[in-house]
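Participant: Could you work out the structure for the sequence below:
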Amino acid sequence: MDTSGRLREETRTVWATAICFVVGTGAGLVALQGPPRALTGPGSLSQPIALIAGAIAAAAFVTSTLQHRRGETDPMPPWQTAVSRVSAVALTVVFAAVTAFGVLLGGAVFGAGLHDFTAPALGGALIAGVAGAAGGRFAYTAGTGIRTRDLAGLLFGFLAIGTLFAMATAADPLWWQQNFSQLGLGARGWAFNGTLVVAGLMFATVGSYIGRDLHRIRGDAALRGIAAVVALWAATGVALAVVGFVPIEANRVVHWIAAIGALVLFGLAALMSTRALPGPPRALVIATVGLAVLLVAAVLLHVPFGLYSSAGVEAIAVGLGLVWMTTFVRVLAVLAPEAPRISARATLWRG
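Facilitator: Modelled structure (predicted):
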């Protein structure tokens, strides 16, 4: 895209941001009628504003996708078109959830610092407008052509936002002495459990984009192996979502089977993804070996020495896993062409 094209795109983004602000403010005026409200707590500003901003972000992503990627799937076979459309729907949900949880976390943070703060309907509506503009701009920009590494970074950020919000609203302040599953207990557990469900959807979507990039690198000849990679990432996402759908207090056995299954499936998905790359690149091999050593060391420091709780091991494992994923998608971005690759196969399994 030349300079004039980039400037036109920036102009469209500014207009989209302004529209999101106006829509958010208008929706806020309707939803926040009544006496002044606090930032957090029952009947507060945070919940309705989060819903408004999430809906605006979803609409902005859909609008941007239709504007910038219309007709992209027309020459594709039906199976490739279906994969692309399912991924687009999943991303719409993801941007809505990321925006909503971001608003909730922001409300919890500012609520802790601004004691006794209340806002009338107009003030709350302006806050909704700002939240809608921020979320809408973010989603609109992503709709122009989100890449795999962008999506992996979004997953990292969402897990951080959702977990921090769950910590801020946890029913048991001493949850960290046991494990992260304690954040999903009680009436407030929806924050952590919802984070896991959406994160599962994001893992599956990342897998779809990894498959797209692998196809751009290796072509139709590798479709069977690529399909296996995508299936493993999808299974990882499903297992993680089950952890959120079935909290430990609902069914401890199912919860732990799903949790362990998610870890095992993630390891298998990482292994198969690495093997699917030509090479594989040295940077990825070094990162994989180094992170594996660190993970083993973390487990050993927990089991024999008890330096930290199970929550500490879980945090280290998730952090190392996300660091590996970041390294992988960055390597993938170097190898994969930017242009879409149209499959010549009429079906996924045979031509």
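
Participant: quick check, P35 in a helix?
Facilitator: No. Looking at P35 with DSSP: H, G, I helix; E, B strand; the rest coil, it is coil, so not inside a helix.

Participant: Tell me who's in contact with it.
Facilitator: Residues counted as contacts of P35 (CB atoms under 8 Å, 6 or more residues apart in numbering) are P120. The way it works is simple: take the backbone N, C-alpha and C, and place the C-beta from them, glycine included.

Participant: How about V299?
Facilitator: For V299, the contact set (CB under 8 Å, 6+ apart) comprises V313.

Participant: helix/strand/coil for it?
Facilitator: Three-state call for V299 (three-state DSSP): helix.

Participant: how close does it get to A292?
Facilitator: According to CB to CB, to the nearest Å, V299 and A292 sit 11 Å apart.

Participant: Same check on V264?
Facilitator: Distance of V264 to A292, computed by CB to CB: 14 Å.

Participant: for V197, same thing?
Facilitator: For V197, the distance to A292 - CB to CB - is 28 Å.

Participant: Apart from its neighbours in sequence, what residue is nearest the spatially most central residue of the chain?
Facilitator: Geometric centre of the chain, nearest residue: L155, 3.4 Å, by CA atoms, centre = their mean. Leaving out its chain neighbours, the residue that sits closest to L155 by CB to CB, 6 or more residues apart in numbering is M202, at 4.6 Å.

Participant: likewise P247?
Facilitator: Per CB to CB, 6+ apart, closest to P247 is G184, 4.2 Å.

Participant: from what I can see the one you found touches A250, true?
Facilitator: No. Between G184 and A250 there is no contact under CB atoms under 8 Å: 9.1 Å.

Participant: So for those two, which residue has more residues nearby?
Facilitator: G184 (27 against 13; other CB atoms under 10 Å).

Participant: Quick check: the more buried one vs A204, distance?
Facilitator: Going from G184 to A204 by CB to CB gives 20 Å.

Participant: what residues are up against the residue lying closest to D172 once chain neighbours are set aside?
Facilitator: Distances taken as CB to CB, 6+ apart place Q182 nearest to D172, at 5.8 Å, with adjacent residues excluded. Contact analysis of Q182 by CB under 8 Å, 6+ apart lists 170, 172, 175, 248, 311.
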